[in-house]
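J.: Here is my input, please return the structure:
(one chain, ligands or ions: 1)
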Amino acid sequence: MKPFEFNAVGVIESPYKQKFAIPRQPGLIPEAKGALVLSPPYADDAIVRGIESFSHLWLVFVFHETADKGWSPLVRPPRLGGNDKKGVFATRATFRPNPIGLSVVKLEGVERRGDKLVLNLSGIDLLDGTPVLDIKPYLPYADALPQANGGFADAAPQTDMTVSFSEQALAFCQAQQQLPDLQVFIEKVLKQDPRPPYKKQREEQQSYGMTLYNFNIKWTVDGNHNYVSEIRLQKAHTATSAKNAG
Ligand code: SAH
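T.: So this is what the prediction gives:
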């Protein structure tokens, strides 16, 4: 069969600037706010007429960051501690025959930004810059299946991780008035324990860093406690999307 070719209809603006620390599914962190930016010819008011009556949308997108990394028939879902293998079609792994992702997200509103049309979203699990191929409204009567069997991922992942902030980190969060949820957001990102499974078994204290918005965040993990030691503004030349931070 002839290969298909699709153009992105829009691009995601997200606080998640790298794969590390992104939740494994949407909806787990409602404070993860982002946007889908539609450019011409898709930035047409007609194209989204009626969309605001839906609370949630399905996004079909490309795992663009890892698209050229290939795939294998068997993957190790992080959910199973990295020890057990499942068929790629039995998982939501990013390394797939076609690197296509599917996320249900909350629609917070629609606004115009010059010649662009912006769908404001929350609860996203998407990397900044993710190309979106299609948007469909979420239909509760057809899509919500509370009796469905969730296999080896039957409930949202739980951890017993706790989080605290240094005075500097706390003051930094409080100073970001345009992001009133920043501290809670960071807390929830760390509570899901983004470390790779093999590091979770380590006894000794470990130090990590990540970028959310244009902030560099440093923390240490000791047992089940995360201590956010420092948050700094990313240097201007490396900031990928300073506009997200307002
Ligand atoms: N809800 C989607 C994504 C599940 S995998 C689906 O089921 O298809 C979730 C992981 O996708 C996240 O942990 C993140 O690291 C990764 N991810 C998000 N956007 C990505 C992108 N543009 N390219 C590569 N990986 C991405």
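
J.: From now on I want contacts and neighbour counts done on CA atoms only, so please keep to that.
T.: Will do.

J.: does any bit of stretch 72-84 sit next to the ligand?
T.: No - between stretch 72-84 and the ligand, judged by Cα under 6 Å from any ligand atom, nothing touches; the nearest distance is 9.9 Å.

J.: Point to the helix or strand of this structure where mean pLDDT is at its lowest.
T.: helix 197-200 (a mean of 81; mean pLDDT, DSSP states H and E).

J.: mind checking how far that helix is from the chain centre?
T.: 21 Å (Cα atoms, centre = their mean, to the nearest Å).

J.: again, but for stretch 190-203
T.: 18 Å.

J.: hey, C-alpha coordinates of that stretch in PDB?
T.: C-alpha atoms of stretch 190-203 as PDB (Å, rounded to 0.1, in the frame of the first residue of the first chain):
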ATOM      1  CA  LEU A 190       7.800  14.800  41.500                       C
ATOM      2  CA  LYS A 191       5.200  12.800  43.400                       C
ATOM      3  CA  GLN A 192       4.800  10.500  40.400                       C
ATOM      4  CA  ASP A 193       8.500   9.700  40.700                       C
ATOM      5  CA  PRO A 194       9.800  10.300  37.200                       C
ATOM      6  CA  ARG A 195      13.100   8.400  37.900                       C
ATOM      7  CA  PRO A 196      13.800   5.400  35.700                       C
ATOM      8  CA  PRO A 197      12.900   2.100  37.500                       C
ATOM      9  CA  TYR A 198      16.500   1.000  38.100                       C
ATOM     10  CA  LYS A 199      17.200   4.200  40.000                       C
ATOM     11  CA  LYS A 200      14.200   3.700  42.300                       C
ATOM     12  CA  GLN A 201      16.000   0.800  43.900                       C
ATOM     13  CA  ARG A 202      19.000   2.800  44.900                       C
ATOM     14  CA  GLU A 203      19.600   3.500  48.600                       C
END
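
J.: ok, and what's touching it?
T.: The contact list for stretch 190-203 (Cα atoms under 8 Å, 6 or more residues apart in numbering) reads 20-23, 78, 81-82, 157-163, 222-223, 226.

J.: try 10 Å
T.: Contacting residues not belonging to stretch 190-203 are listed as 19-24, 28-29, 78-83, 157-163, 184-185, 206, 208, 219, 221-228 [Cα atoms under 10 Å, 6 or more residues apart in numbering].

J.: Would you indicate which residues of the longest strand seen in the chain are buried?
T.: Longest strand of the chain, by residue count under DSSP state E: strand 100-113. Buried residues in strand 100-113, counted by 16 or more other Cα atoms under 10 Å: Ile100, Gly101, Leu102, Ser103, Val104, Val105, Lys106, Leu107, Glu108, Val110.
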